[in-house]
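Q: just a sequence and a predicted model for now, questions to come.
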Amino acid sequence: MTLTVDLNADMGESFGAWRMGDDASLLKIVTSANIACGFHAGDPDVMMNTMRQAVRNGVGIGAHPGYGDLQGFGRHRMQVPHATLQNQIRYQIGAAQAMARAAGGQVRHLKLHGALANTAAEDFELATACYEAALTVAPDITIMVLAATEQQAAVQAIGCKFVCEIFADRAYNDDATLVDRSIPGAVIHDADLAGKRITDMVLRRAIVTASGKEIPAQIDTICLHGDTPEAVDIARAVRSQLESAGVRVVAFDV
């Protein structure tokens, strides 16, 4: 049986005159797109333009909600009451659904962004609150979670549809969480290295941490960050090396 995996990227993260990433090029390589919903990045024009390009390229659309942190690009950890956070998640998904529909597509999945995602990977209750809120707005949505973390535990407890992701451009701690960006080596910039390490993980069906520990994991999709300067090169290298290893790169089923 042929091994298959989805390749996703965070994008739609420009805002007004501020330009971030090369989404047009990425959308010719990836199979799923996590599109910012205006809280950590993005604006209505950027959302619409990115979604239209995703539809033209046959790329699956995902809502990518984060903390209300434009200045910090959603990477500042924030203390937000769960009820308020749930409404912020609903608000962002609603915006994504409206834009996707107008662009001729639909929102297939949800993926948390940045500090919100990292906190949810450690905090089962927070992850559960976010995902339950999403499901009140989009009951059939697929939740994209960080493999082998509290995010995965939360969706398994809820019983909703989910896919597990690993990162091509980030180093891992021994508990399957991501190494903090402030630590040297946390972000991987070498495209060839990213392609080799992710292919190795997919074939092993395991996360390999910075220390060399191997964590067995469900791997349905691979992520890279669109704001990384080398994002397009990393996407090409990851896809090329996976396909060379006999792995078929396709959008996950919903």
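A: Okay, I see it. Model, not experiment: these values are computed from the prediction. Numbering: from 1, shown residues only.
Q: rest of the way, CA atoms for contacts and neighbours
A: Fine.
Q: paired strands for the longest strand along the chain, with orientation please.
A: For the chain, the strand that runs over the most residues, judged by DSSP state E, is strand 4-11. If you go by DSSP bridges, strand 4-11 pairs up with strand 32-36 (parallel), strand 221-225 (parallel), strand 248-249 (parallel).
Q: can you list contacts of the shortest one?
A: With contacts defined as Cα atoms under 8 Å, 6 or more residues apart in numbering, strand 248-249 is touched by 2-7, 31, 239, 242-243.
Q: please enumerate the strands of the stretch 151-254 of the chain.
A: Using DSSP state E, counting those that start in this stretch, the strands of the stretch 151-254 of the chain run over residues 162-167, 206-208, 214-216, 221-225, 248-249.
Q: centre of the chain versus the last one, how much separation?
A: With Cα atoms, centre = their mean, to the nearest Å as the basis, the distance from the averaged C-alpha position of strand 248-249 to the chain average is 18 Å.
Q: same question for the first one.
A: From the chain centre to the centre of strand 162-167 is a distance of 8 Å (Cα atoms, centre = their mean).
Q: what are the buried residues along it?
A: Residues of strand 162-167 classed as buried by neighbour count (16 or more other Cα atoms under 10 Å): 162-167.
Q: for stretch 169-180, buried residues please.
A: Going by 16+ other Cα under 10 Å, stretch 169-180 has these buried residues: 169-174, 176-179.
Q: could the residues you listed be laid out in TSV, adding distance to residue 26 and pLDDT?
A: Shown next, in TSV, are the buried residues of stretch 169-180 (distance: Cα to Cα, whole Å; pLDDT from 0 to 100):
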residue	distance to residue 26	pLDDT
169	15	92
170	18	92
171	21	94
172	24	94
173	27	92
174	30	95
176	26	93
177	25	90
178	23	89
179	24	93
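Q: nearest to residue 19 among those?
A: residue 169 (20.6 Å; Cα to Cα).
Q: list the contacts of residue 142.
A: Here residue 142 is in contact with 108-110, 160-163, 254 (Cα under 8 Å, 6+ apart).
Q: go with 7 Å
A: Residues in contact with residue 142, defined by Cα atoms under 7 Å, 6 or more residues apart in numbering, are 108-110, 161-162, 254.
Q: same question, residue 216
A: Applying Cα under 7 Å, 6+ apart, we find residue 216 in contact with 205-207.
Q: CA atoms only: put stretch 131-142 into CSV for me.
A: Taking C-alpha atoms only, stretch 131-142 is exported to CSV below (Å, rounded to 0.1, in the frame of the first residue of the first chain):
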residue,chain,number,x,y,z
TYR,A,131,-11.8,22.6,19.5
GLU,A,132,-15.3,22.4,21.1
ALA,A,133,-15.8,26.0,20.2
ALA,A,134,-14.8,25.3,16.6
LEU,A,135,-17.2,22.4,16.4
THR,A,136,-20.1,24.6,17.4
VAL,A,137,-19.6,26.6,14.3
ALA,A,138,-18.4,23.9,11.9
PRO,A,139,-19.5,20.5,13.2
ASP,A,140,-17.9,18.6,10.4
ILE,A,141,-14.6,20.4,10.3
THR,A,142,-11.3,18.4,10.5
